[in-house]
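Peer 1: sequence first, then the predicted structure:
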Amino acid sequence: MSFILASRGGIAIGETAASHWLHIVPWGIRKLARYVKDKYGNPPVFITENGMDDPNKPFMALSTALQDNKRISYHRDYLSNLSAAIRQDGCDVRGYFIWSLLDNWEWNSGYTVRFGLYYIDYKNNLTRIPKASVQWFKSFLGQNEMLSE
């Protein structure tokens, strides 16, 4: 497999998250799952970190910071493509873990970005506050739990 850059002919293949190196390309996860299946004989796969970051804007209203609709769309679109890889392409994907549960210090960006489903209030005793994506995931998991019964 040749490595593909984040752009083709100078045009980005996907929207950029807050970190300039992180591009949002949901169809890529399905393509990658099929590649692993074909190249390596369909081994069990666990995706251990998948997510995107938002900029940390210290003067943004908390209510605005908690509305992480871009993160919801990100995971909805990636999980939809992953579901197609499993159900339609027969890929043996057994787990998907969010990057990240909590906002934290990012090794390359410090506290300038936020990856978490939970907002961490760095100025108020590290209080954890669920973002809109937490409720979305609860609903998503509840729907999929009913489908598996």
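Peer 2: Perfect, I can see it now.

Peer 1: from now on I want contacts and neighbour counts done on CA atoms only, so please keep to that.
Peer 2: OK.

Peer 1: contacts for stretch 19-28 next, please.
Peer 2: Contacts with stretch 19-28, where a contact means C-alpha atoms under 8 Å, 6 or more residues apart in numbering, come from 6, 13-17, 52-54, 74, 77-78, 81, 113.

Peer 1: and that stretch, what's buried?
Peer 2: Ser19, His23, Ile24, Val25, Pro26, Trp27 (16 or more other C-alpha atoms under 10 Å).

Peer 1: ok so, going back, select from the contacts of stretch 19-28 every entry located in strands.
Peer 2: When those are checked against strands (DSSP state E), the matches are Glu15, Thr16, Asp54, Val113.

Peer 1: quick revisit: in JSON lines, list the buried residues of stretch 19-28 along with secondary structure and distance to Leu126.
Peer 2: What follows is these, written out as JSON lines (DSSP: H, G, I helix; E, B strand; the rest coil; distance: C-alpha to C-alpha, whole Å):
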{"residue": "Ser19", "secondary structure": "coil", "distance to Leu126": "23"}
{"residue": "His23", "secondary structure": "strand", "distance to Leu126": "29"}
{"residue": "Ile24", "secondary structure": "strand", "distance to Leu126": "29"}
{"residue": "Val25", "secondary structure": "coil", "distance to Leu126": "32"}
{"residue": "Pro26", "secondary structure": "coil", "distance to Leu126": "32"}
{"residue": "Trp27", "secondary structure": "helix", "distance to Leu126": "36"}
